[in-house]
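1. Got a sequence here, can you build the structure:
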Amino acid sequence: MATVNSLQKLKKLGKKAFIPYLVVGDPDLATSAAWVDALIEEGADLIELGVPFSDALADGPVIQTASERASKTTSLLDVLHFAKQQSITHPNFPFLLFTYYNPVLKMGIETFAQEAQSAKIQYILIVDLPPEEAANYLEIMNRHSILTVFLASPTTTPARLALVCKSSTGFIYSVSRTGVTGTQVEVSTSLAGELELIKRQTDQPIAVGFGISNGEQAKQVALLADAVVVGSAFVKLKSVSEVRKLAKEIRASLL
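-> This next block holds a predicted model:
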């Protein structure tokens, strides 16, 4: 059976997807579950579940700090169990698992894939796994009907971009700027050109993240891409009411 690609379905409908990110377990799993409930109720199309990792190199200060806090009590297996519970609470809602490769290797790729499939994870992004080294990983994910996501950045070479597009079976995650995650004052002026290069090589959906922090920025990005990822702006919030307010703003900007 072919794996359902939720973002591809939205793209065909001409709908821009809203993808919020959270660090699972910060400050605890119960709070993460409440945030998932709120984000779904406020119109998220896909939620990115961040696995806490003590050496989160791609993440800026906000997510790094949250990840360090959560990593003391929450493991990759805990996040997979959390995702499984969310799939029961929210059947048919798609989740993206964001992690680093070391916890996956420690668990074993086959076991990881089995657990992710059991949790009904639709997409997986391993941020520090280059597509050049991912042949075995891709074969296992495909066998377990899990869609893969790889990153493209402003510094990605043409050869690497072609491989990213070929290896991604779910969507392309375009990093809107060099550096790490974190809220920004404005959208990169080079983004349009960068996305055009990706569109020339694939018809996969393109999601843009890193730095998007409000409705106006999300609206600008959605004019160019199929989906908008909002991470640090959510992670730094302290209450469900704040999460709902920002989610409403982002969702309204994409309609």
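2. Over to residue 15. Which of the three states is it?
-> Recorded secondary structure, residue 15: coil (DSSP: H, G, I helix; E, B strand; the rest coil).
3. My error: substitute residue 229 in the last question.
-> Residue 229 falls in the strand class when you classify it by three-state DSSP.
4. That one: neighbouring residues, count only.
-> 27 (other C-beta atoms under 10 Å). Every residue, glycine included, has its C-beta placed from N, CA and C.
5. and what of residue 89?
-> Applying the criterion other C-beta under 10 Å, we find 12 residues in the vicinity of residue 89.
6. confidence score at it?
-> Residue 89 carries a pLDDT score of 97 in this model.
7. Then residue 209?
-> Among the per-residue scores, residue 209 holds a pLDDT of 92.
8. All the helices of this protein, in order from the start?
-> Secondary structure of the chain by DSSP state H: the helices cover 6-13, 29-41, 61-71, 76-89, 101-107, 109-118, 135-143, 158-167, 191-199, 215-222, 232-235, 240-253.
9. Run through this protein and note the low-pLDDT ranges.
-> 1-2, 56, 58, 177-187 (pLDDT under 70).
10. which stretch among the helices of the chain comes nearest residue 129?
-> helix 101-107 (4.8 Å; C-beta to C-beta).
11. other SSEs contacting that closest one?
-> With contacts defined as 3 or more C-beta pairs under 8 Å, 6 or more residues apart in numbering; DSSP states H and E, the secondary structure elements packing on helix 101-107 are helix 76-89.
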